[in-house]
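Asker: What shape does this take:
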Amino acid sequence: MSTTPATPRRQENPQDSLRRAVRRKRRALSLTQAAVAQRLAVSRLIYHRMESGARIIHFNELDTLCKALRCNIEELIDDSQLLAAYRTAAKVLAQPARRP
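Answerer: Modelled structure (predicted):
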């Protein structure tokens, strides 16, 4: 009896997961891409590229994206380590810059 080795499960790209969550949230709110783009103050084409994967969603854009979609970051980010990193970075960015 021969068994084939199990293929290791490929971990999902965090951007793919984020894009799907953004699209799902936008659709749940019955918003068009143009409406979300307007809330983000970007063109519909830029937003479309973010949602489709032609442009990555940058870490520093997540807060604005959450406000546009009226949601918490936890609703978009599935990965607990990534979520912890976001929270840490948000705290650091919120602090006034130190001068040497």
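Asker: Helices along the chain, start to end?
Answerer: In chain order, the chain shows helices spanning 14-28, 33-40, 44-52, 62-68, 80-94, with DSSP state H as the criterion.
Asker: Just the buried positions in the second one, please.
Answerer: Spelled out, it's helix 33-40. Of the residues in helix 33-40, those with enough neighbours to count as buried (16 or more other Cβ atoms under 10 Å) are 33, 36-37, 39-40. From N, CA and C alone the C-beta is placed, and that goes for glycine too.
Asker: Which of those residues sits closest to Leu76?
Answerer: Taking Cβ to Cβ as the measure, Val36 is the one of the buried residues of helix 33-40 closest to Leu76, at 12.8 Å.
Asker: any low-confidence regions in this protein?
Answerer: Using pLDDT under 70 as the threshold, the predicted model of the chain has low-confidence ranges 1-12, 79-81, 97-100.
Asker: go again using 80 as the cut-off
Answerer: Low-confidence regions of the chain, defined here as pLDDT under 80, cover residues 1-14, 78-100.
Asker: gap between the residue nearest the centre of the chain and Pro96?
Answerer: With the centre of the chain defined as its mean C-alpha position, the nearest residue by Cα atoms, centre = their mean is Leu18, 3.9 Å away. Leu18 sits 29 Å away from Pro96, going by Cβ to Cβ, to the nearest Å.
Asker: Please apply the same query to His48.
Answerer: Plainly put, His48 is 36 Å away from Pro96 if you go by Cβ to Cβ.
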